[in-house]
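>>> here is my input; please provide its structure:
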Amino acid sequence: MKHAEFKAIARQHQIDFKVNDPEINIAADRFPIRTIRKNGKKYKIEVKSSLTWKDCRDEHNLYRIFFSGFRKEITEEVDKEASLTKGQMVTNLLRSEHIPYNVFFPMRHDLDGTARLFNRILGEERIATISQILVEHNPGGLKDGTSFDVYIEYAPMGANPGEKGGIGIEVKYTEKEYLIKHGTKEWEETHNASGIHLADNYSNPSNACGWFKPEFIADVPFEDKERMTSHVTANRYRQIWRNHILGASMILGLCENQDDKLTEFTSLTVYPKGYGHFSEIWGEYESKLTPAGLQTFKHITYEDLFPLMQECLNEANIPNLNEWMDYLNRRYIIK
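Numbering: from 1, shown residues only. I've put the predicted structure just below:
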């Protein structure tokens, strides 16, 4: 499905969940009304797939957007993170900001099962033990605000003491590529007056890691439209590339904290199966990678991830595993 079609179906799915599922169960006529400006005029928009500020917390003052079985601990985690922008994350059911907490945060209760899960995703027995699972983690390797939606740190099989591996996860739901405006910091770090030109914080890890074919990270003049649209900084690929080179910066030891240095890394994107934008993009992005780069890049759908979670995670460590998995399927799988 194209973006507009998928987003419309996903929106209705989340509205139905909000109104009919006991996990949220808010009346259909309760939703925020936002004011937007367009062409100099003001318009009021009914945001039926969102919760009002009054409704976003339940009777225990916990955020309804999270699964009830882990709602208390997730709310406590979210509230203690002063740097998080909580508005859209705890009210907008259609966006992806809350999904890392619903899907990955509870894995902290079963690190052995989580190691089994990610070994299956990676396609080999690479992970010995998982040391931490972090949501919204920026190790600072790109000297900007780029962060992993989820970061898994582990000890690799057969590793020397102190050696670490990492998986940087990008979580998608209805989002698509975004434009960057001329003159913004992100524009200045990816362009100059002549065309595409990567600033050192992007150029150094992109070149040094050996994961990218040189022509897709080189300077490109504005007149060369074909190369402009196939470059890693093009709208279709930029966010995936930045997540990827954030991991490269950790391999290269460019992070603020040298404890974040890694010996191996995988960039993983999680997305819904029915969203054609991502189904189309993987082959295009992978064509820009060297053989070494291909070994550091993975993607998986929710439809494939959730059955693997059910298979690999242990009910002895997560007593409400079945209820949680049933919730994730009701909440995010669009049939």
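>>> what's the spacing between residue 78 and residue 251?
30 Å (Cβ to Cβ, to the nearest Å). Glycine gets a C-beta too; all of them are placed from N, C-alpha and C.
>>> make that residue 107, sorry
Counting by Cβ to Cβ, the gap from residue 107 to residue 251 is 24 Å.
>>> equivalent analysis for residue 36, please.
Using Cβ to Cβ, residue 36 is found at 43 Å from residue 251.
>>> between these two, which one's more packed in?
residue 251 (23 against 9; other Cβ atoms under 10 Å).
>>> then the longest helix along the chain to PDB, C-alphas only?
Identified as the longest helix of the chain according to DSSP state H is helix 3-20. The C-alpha trace of helix 3-20 is given here as PDB (Å, rounded to 0.1, in the frame of the first residue of the first chain):
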ATOM      1  CA  HIS A   3       1.600   5.900   2.300                       C
ATOM      2  CA  ALA A   4      -1.700   7.700   2.200                       C
ATOM      3  CA  GLU A   5      -3.700   4.500   1.900                       C
ATOM      4  CA  PHE A   6      -1.800   2.700   4.600                       C
ATOM      5  CA  LYS A   7      -2.000   5.700   7.000                       C
ATOM      6  CA  ALA A   8      -5.800   6.000   6.500                       C
ATOM      7  CA  ILE A   9      -6.300   2.300   7.300                       C
ATOM      8  CA  ALA A  10      -3.900   2.500  10.300                       C
ATOM      9  CA  ARG A  11      -5.700   5.600  11.600                       C
ATOM     10  CA  GLN A  12      -9.000   3.800  11.600                       C
ATOM     11  CA  HIS A  13      -7.400   0.800  13.200                       C
ATOM     12  CA  GLN A  14      -6.100   2.900  16.100                       C
ATOM     13  CA  ILE A  15      -9.400   4.800  16.400                       C
ATOM     14  CA  ASP A  16     -11.200   1.400  16.700                       C
ATOM     15  CA  PHE A  17      -8.700   0.200  19.300                       C
ATOM     16  CA  LYS A  18      -9.000   3.400  21.300                       C
ATOM     17  CA  VAL A  19     -12.800   3.200  21.400                       C
ATOM     18  CA  ASN A  20     -13.400  -0.600  21.600                       C
END
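>>> please point out which parts of that helix sit buried.
Residues 6, 7, 9, 10, 11, 13, 14, 15, 17, 18, 19 are the ones in helix 3-20 that count as buried (16 or more other Cβ atoms under 10 Å).
>>> once you drop chain neighbours, what's closest to the fifth one?
This points to residue 11. Sequence neighbours aside, residue 49 is the residue nearest to residue 11 in space, at 4.9 Å (criterion: Cβ to Cβ, 6 or more residues apart in numbering).
>>> ok, that neighbour touching residue 15?
Yes - between residue 49 and residue 15 there is a contact at 5.3 Å, judged by Cβ atoms under 8 Å.
>>> pLDDT of the longest helix of the chain, averaged?
What helix 3-20 shows for mean pLDDT is 95.
>>> which stretches of the stretch 101-250 of the chain form strands?
127-137, 148-156, 165-171, 195-196, 220-221 (DSSP state E, counting those that start in this stretch).
>>> residues in contact with the longest one?
By that I understand strand 127-137. 77, 81, 84, 100-101, 104-105, 107-108, 111-112, 114-115, 118-119, 147-159, 164-165 (Cβ atoms under 8 Å, 6 or more residues apart in numbering).
>>> kindly supply the PyMOL command isolating those of those that are buried.
Entered in PyMOL, the line below selects the buried ones among the contacts of strand 127-137, by 16+ other Cβ under 10 Å:
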select buried, resi 77+100+101+104+105+107+108+111+114+115+118+119+147+148+149+150+151+152+153+154+155+156+159+164+165
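>>> how about the helices in the stretch 101-250 of the chain?
Using DSSP state H, counting those that start in this stretch, the helices of the stretch 101-250 of the chain run over 111-122, 185-188, 200-208, 225-230, 238-251.
>>> buried sites along the last one?
Okay, so that is helix 238-251. 238-251.
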